[in-house]
Structure formats: C-alpha cells, structure tokens
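Participant: Just a sequence and a predicted model for now, questions to come.
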Amino acid sequence: MADDKKNDPTTDEATAVSAEKKDSGELIIPETLPLLPIRDVVIFPFMIVPLFVGRERSINAVDAALTKDRLVFASTQKDITKEDPDPEDIYTSGTVCMIMRMLKLPDGRIKILVQGLSRAKAESFAQTKPSYIVNVTKVKETVVTEPPLEVEAIMRNVREQLEKLASYGKAAFQEVMMVIDNIVDPGRMADLVASNLGLKIEDAQSVLETLDSVKRLEKVNEYLIKELQVSQMQAKIQSQAKEEMDKSQREYYLREQMRAIKNELGDIEEVAEEMEEIKKKIKKVKMPPDVEKEAFKQAERLEMMHPDAAEAALIRTYLEWLIDLPWSKSTNDAISLKKAKEVLDSDHYDLEKIKERILEYLAVRKLQKKTKGPILCFVGPPGVGKTSLGKSIAKAMGRKFVRISLGGIKDEAEIRGHRRTYVGALPGRIIQGIKQAGSVNPVFMMDEIDKIGMDFRGDPSSALLEVLDPEQNYAFSDHYLNVPFDLSKVMFITTANMADPIPEPLKDRMEIINLPGYTEEEKTAIAKKFIVSRQLQEHGLTKKLLEITDGAIKQIISEYTREAGLRNLEREVASICRKIARKVAEGKKGANVITSQNLHEFLGVPRFLPEDGQEKDEVGVTTGLAWTPVGGEILYIETTIMKGKGQITLTGHLGDVMKESAQAALSYARSRAKDLNIDGDFKELDIHIHVPSGAIPKDGPSAGITMATSLISALMQAPVSKDMAMTGEITLRGRVLPVGGIKEKCLAALRAGIKTIIIPERNKRDLEEIPKDMRQKLTFIPVKHMDEVVDIMFRKKHKTRTAPPHVKIKKLKKHGGKHARP
C-alpha cells in the first residue's frame, strides 16, 4: 500500500493498554509536532493501532518524530482518495500518538505501531515540506472519577448493549467486555467502545471532537443501539432464511441474506445500475405508449425481484426482446422508378407482370407515404426464381430482406409465438424475422405457404390470416410479447408451387401472381445473360477459356432437362464448367467451344428425348395437350372399338377426373350418334381408351375434347389430323369449358412441331400472356362447342369465325364426303 493506512485494529492490545495504563502525571506535549495524515481510521486516546506509511511526506514525518521524542500528531483525511492532501484536506482535531515500534519493509514503506495518548488540535501549519509540521494545542477533557446516577445508568446500559452484541458472536466486543468493567471514566469508556465499533470516518471524527465525556458516551450509546438493532435484524434474517432454504441452497441463502440486509439498511441494490440502463433503453427505442407502459411495468417487477430468481431471467429476456425490436426504425424507400426498374431488369429476365406490380406500388408510395404494404403470392413450379425475385424487390426498393420457410410447420406457436409461462418460450417466426431485419418495413418473404401442415397443436394457416390481412396486421399480437406490433408497413411476399392447397380464407387475403415457367426461348436468353456468366465466375473461368453456343444451350434445355424452372439447367452448365476447369488446371491451354455436336462428350447421352410425332393420320389417335409442374407435354389418346357387351375400358394410370371426362365423351358421342352417322348398337361394342406412358399418373379435365375426338374417330372410322392438337373440358351437352396452362401447352405443341391448336373460346384472353414470337408461330382455333371440333376435325361442316386481332384462325375449305381429311 502506498499510503498511511490501518493494517489491522489490534483491539486486544488497545484494551490491554487502556486497562493497565495509569496516569503518572500530566502528559507534556511539545508545541510543534510532525503531522501524520491517515486515511481509513480515526485514532482515539489509549488506542494501539498498526499503520503502513508509504507517502514520502509521511515517511519524513515519522523520521522526524523518531529523531526527537517519537511523538506525532495523527489526524484523518477528509477525502481518503486524495493521494497528496493539502492542509485544508485534513481534520484539525486529532490525537497525539507515540511511535512504539517501527519496521522498514522491502518495498520502501514503513510499518509502525502507534498508541494514542491525548486529544489535540492543530492550530496552524509551521512547515509543509519535506513533511507537515503543525502547532498543536492539547485539548482539555473533563474527567469524571465518581459518575452521578444518570451517567452510571448510561454506562451500565452501554455494558448491557455490549453483552448483547457479544452474544451475537461479535468477537471484538467479547474482548472489550473483559476490560470495560474496570473503567469508571465515561469518556474513556466512550473512546474504548467507539474504537471497536467500526464507525464511519465522519461519525468517529464526531466522537473524537466531542470533549464532554458524558455527551461523548451518550453519542456512542446511540451508535451502539443502532449496531445492536442491525445485529438483531441480521439474526432475524438468518433465522427466516434458514427456515425457507435447505442445505443444498446455501449459496442462494447467502445472497438472499445480503439482499435483505441491504433492503433493511436502505442501501442501493446492486442491480440498480442495470435497471437504470434498461429503463434508458426503453425510452430510447420509442415504443408505442401502451407497449412502453407494459415495458416499464415489467422493469419494475424485475427491480423488485432477486437477480437469481428464476422468473427474473424470464422477465429480463422479455425486456431484451421488447428493446431489440425496431418499433420506430424504418428504411427509406427508393422512390426512383427508373432505378428500381433497372435493378429488376438486371436481376431477372421477362416477368413483366411482377415488375409492373412492384413499380405500381412504388409509384403509389411516391404519391401517398402512408400506403399499406401489399401482400403478394408468387405461384409457380420450382426453380422459376420466386425467392430470388423477392431479394431483387427488396434491393430495388432499398429495403431489408427477410425470409422464412413455412414448409412442414404444424404448430401455431411457430407463427404467434409461445406464451411466456412455458420453459424456453420465444416469439413466433414473424417477430423473430422483424428483429433480424432491424426495420419495421422490410420485404418479408414466406416460402412454401402451400405446404403448411396442421395437427393437435393448432392450425398455422389460420394464424397467418391476421398476419396477411392489411386491415388487422397493424396490431398483430404475438403470444410471447402480448403487446400489439404494427406489421402494416411490411411488404409480405409468399411463394407456393400450387395455389390449390392454400386454404381459401388465406388465399383471399393475397394477390396471387402466377409464374408459369419459362419457354425454351426464355431459358436460352436467361442462360446466355445470367447462368453461363455466373457459372464461369464461380468456377474461375473466362469467356476466352469456355464458350457455349446457342445450339448447345438449346440442346441442354430440350434433351438434358425437363423442368419449368432453371435449376437443372444451371446444374448441367456447372457440370460443363467443372470439366473445363479440370482441363485448365491440368495445364491444357486453348479455348473450349461447346456445340450441339460435342455436347454429349461433356454431359453423356441425352436423358430426355422429344415425343415421337405420328408419321401419318390414324383412326382413333388424337393429340392432346397437358400441363405438368415442369411444363407442358403432348398427350396421345388412343381408342379402339371391338365387338363386345357395351363395356368401356380406361387404361394409362388415369385419375378420377380424367375417367369422368371419358364417360362424358362417350355420353356425348352416343347422344350425337345419328348426327355423326354412327351405325351399330353401342351395347354390342366394347370401347378401350388408352393414354400411353402408363407409369405416369395423369388427371385433369383438359383432355375432355381430345378423348371425345378420339372416340368419335374410332366410331366413325375417320382418321384424325396428326398436325392438330387440342385442349379443353367437355360437358355432357358438348360445351367446351376453359382450362389452365395454355402457355405451357402451346410450348409443348411447338416442341412437337404442331402449329395448329384448338382451344376453348374463353381461353382467348390467355393468349395475351404468350410471348409474341411464339404466337406468330402458331395458329389457334377457338371453339365453344364440341360440334365445332367435330366440324373442324372431320370436315362435316364448317362456319367461318371472326378472330380477335392477336389470334390466327386457320381457314378450312369445305370438302364433300363424310370422311374428308384436312
């Protein structure tokens, strides 16, 4: 220690001396004495105490005393933190002490043992360097040898209080009790008790400066009573704590004891600083009034709890969630429509409808700042860019992007959160995503909304109704937070592979935008613009080292992938890049050009071959068009008529809806038998309808007119044109109803080399979605009734129709004869 500080109060030595010391006469004190400033103790007369002396000025004072009469004037500093006190920083009242022993320590300090002799007062400073020398005056004290009755009562009360304190296990007071019975002077008794009571510096100095011995004893008696009350309360706390806790909770018991003591004494809790910090953070985040009120309420509850209580940890975690949520933080939308369009165009090819919808929203935001966020649902097969489109939207708008996957979720608590009564409770994924974004208006993508499950733990899709409803989500209630959170500024985007599994109430709240998949031309353009360059960069290649021709890309698309999206296409391009990267790494130089002729050297034999077209028109064989999750396909439907008992056989792994379409087609044919000049009794015919590729399940109503045409062809023994394909649902009365997937089906027809397509009249509006270059290659024949299909396919009769400006209608010349071909 580098200062003058008490080492250990040796009360046994102090009491022994005070008991044995007898005045042999009046103590003579020199007029000037070296001053020894001390920090953490007040020395009383007859008190013996060891001190460490480390400051240079104090060491010089000790040396000066040892060269003369070994007397020093010891006085306490007012501010114990001050290393070099000035005269005004030292109390003027102190004690004249005798240096009894001195020991020099290896670190340069001195350890001395001093005994207080008499009270004194520093009148002035005679010297300040190299040590303080002060002019001192001995203070006269009143000595009472025969105390009056009142004083005797106080002295007896002091002895009783000391006995009680000693009974509480206070070792220091047990030492004092051995000598206090022989003291008759109240002043000396007061000094002895005060020196062992452990008083604060200010209180001990007050006792030292009280010269009247009776008043001094009364003051010490008050401190003694307070100490006794503290000891009694401590004993009470110990007793209560022992009753509530067993031996296994000793550590907790000790902390509880300390807390109770501090509460009784009115001391500041150790957690006060932490609580103050929490309250500052609550004010800083600018919560809504109701939420802020709840936060302060929970903070006050936490303040009243023990820091180690189980519930305290739960409340602290809850407050941290409230503080970390972005109640008032938001990003500024990039309102520049031109810049947003450039970002969307640079990241994605085509998708004009979605881009237009985003730009419309930004335009409205530019005019009306308080617009609610749209709730979009991208529906399309895997790999068409639904998730990456969400990232591009966030980038174009200058917002944060958050994504969660809802696939397989069966617990409602995943959306709304768990109630705080459960162990390990957390907010739902919505609130977690908002916290992750750090903004109240992010682009929030929820993938696989069509794959949400449901079980005994609740229905997550029902919980999403509030999240995805602009009229309700301004006050979304999470079970964990239990306070409303405003989601109205969030732009929600959901994705699904199919819209059918989405519950109707949930579907009603979203704006559904279909991403039907890419045509071969679109895939080629995307591969050239994005995929090839990205894979070259990821594999450390350049365009000089690897070039993939357009023909090779088209061959990859048609013969090595069969999908609506682009994932497998990207994998095949990556496979080529890996093989070229190996060549380059092995030291083979020169450019590598991948063409349709050498593509098989890198990817092997083609995995998919286009459906073989018919070589000639055949009876009972009709070309239909089907939609699949990976795009459109052509579908050949074959019908054979045999003598039998009027049975109909359906093969080809057909679903219920497709079987019903065959029954409807048969009923239509039977009802039109006379008009179609079909001879024979249906009861004597067996009909077999077959759809090739029997291992693949097939279903849907769009093959209705195809089945009817195949059946009528077989019954009439009239061939069907191989250059025509058709799609449409049929009713019993022969009406042709609209179907879906027109774009994909047209693409399949083009791949098969079919240029003429019969479609339902009400599907003409869907032709607008087909790219213009693809429309120009095809001829569309819209029909309302099956009779029109029969007219077209079998040339019985044909009426001229007026075509819309974007539809080419094939004009057929009428030929006589029942079985005339197109």
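Facilitator: It's in. Numbering: from 1, shown residues only.
Participant: Can you find the helix or strand in this protein with the smallest mean pLDDT?
Facilitator: helix 11-20 (a mean of 36; mean pLDDT, DSSP states H and E).
Participant: After it, which helix or strand is next? Please name it.
Facilitator: Using DSSP states H and E, the helix or strand that follows helix 11-20 in sequence is strand 32-38.
Participant: In its sheet, which strands sit next to that next one, and in what direction?
Facilitator: Sheet pairing here is set by DSSP bridges, and for strand 32-38 it gives strand 71-76 (parallel), strand 133-138 (antiparallel).
Participant: Can you list the buried residues in the last one?
Facilitator: Pointing back at strand 133-138 there. Across strand 133-138, burial judged by 16 or more other C-beta atoms under 10 Å covers I133, V134, V136. For every residue, glycine as well, the C-beta is placed using N, CA and C.
Participant: Tell me how many other residues crowd E202.
Facilitator: Residues contacting E202 under the criterion other C-beta atoms under 10 Å number 10.
Participant: Strands of the stretch 351-500 of the chain, residue ranges please.
Facilitator: 375-379, 401-405, 443-447, 476-477, 484-485, 491-496 (DSSP state E, counting those that start in this stretch).
Participant: Could you check how far the residue nearest to E448 when sequence neighbours are not counted is from T95?
Facilitator: Nearest non-adjacent residue to E448, counting by C-beta to C-beta, 6 or more residues apart in numbering: G407, 3.5 Å away. From G407 over to T95 the distance is 83 Å, taken as C-beta to C-beta, to the nearest Å.
Participant: Could you check which of those two is surrounded by more residues?
Facilitator: T95 (26 against 11).
Participant: Surely the more buried one and V49 touch.
Facilitator: No - T95 lies out of contact with V49 (C-beta atoms under 8 Å); the separation is 10.3 Å.
Participant: joint contacts of those two?
Facilitator: I43, G116 (C-beta atoms under 8 Å, 6 or more residues apart in numbering).
Participant: so where's the stretch 501-650 of the chain uncertain?
Facilitator: Scanning the stretch 501-650 of the chain for pLDDT under 70 picks out the ranges 610-614, 629-631.
Participant: cool, the stretch 701-822 of the chain as well?
Facilitator: Using pLDDT under 70, the stretch 701-822 of the chain drops low at 795-822.
Participant: so where do the helices sit in the stretch 551-700 of the chain?
Facilitator: Per DSSP state H, counting those that start in this stretch, the stretch 551-700 of the chain carries helices over the ranges 567-585, 600-603, 656-671.
Participant: Mind checking these for the one nearest to E769?
Facilitator: helix 567-585 (22.0 Å; C-beta to C-beta).
Participant: confidence score at D455?
Facilitator: With respect to pLDDT, D455 has a value of 69.
Participant: Use 406 as the first number for this chain going forward.
Facilitator: Right, with 406 as the first residue, what we last looked at is D860.
Participant: Buried residues in stretch 907-917, which are they?
Facilitator: For stretch 907-917, using 16+ other C-beta under 10 Å, the buried residues are I907, P908, L911, K912, R914, M915.
Participant: If you could redo that for stretch 916-930, that was the one I meant.
Facilitator: Quick answer for stretch 916-930 (16+ other C-beta under 10 Å): 918-930.
Participant: do the same with stretch 546-559
Facilitator: E546, V549, P552, V556, I559.
Participant: which of those residues lies closest to E436?
Facilitator: Among the buried residues of stretch 546-559, and counting by C-beta to C-beta, the member closest to E436 is E546, at 19.4 Å.
Participant: before we move on, back to that, tell me which two of the buried residues of stretch 916-930 sit farthest apart.
Facilitator: I918 and T929 (23.8 Å).
Participant: Quick one: end-to-end distance for stretch 451-468.
Facilitator: Start-to-end span of stretch 451-468 (C-alpha to C-alpha, to the nearest Å) is 23 Å.
Participant: next one: stretch 838-851
Facilitator: Using C-alpha to C-alpha, the end-to-end distance of stretch 838-851 comes to 10 Å.
Participant: Quick one: mean pLDDT over that stretch.
Facilitator: Mean predicted lDDT for stretch 838-851 stands at 92.
Participant: show me where the stretch 806-955 of the chain has helices.
Facilitator: 818-821, 834-842, 865-872, 909-913, 925-931, 937-943, 955-960.
Participant: biggest helix in the chain by residues?
Facilitator: helix 618-649 (DSSP state H).
Participant: mean confidence for that one?
Facilitator: In this model, helix 618-649 has an average pLDDT of 82.
Participant: in it, what's buried?
Facilitator: For helix 618-649, the neighbour count (16+ other C-beta under 10 Å) marks 618-619, 621-626, 628-629, 632-633, 636, 642, 646 as buried.
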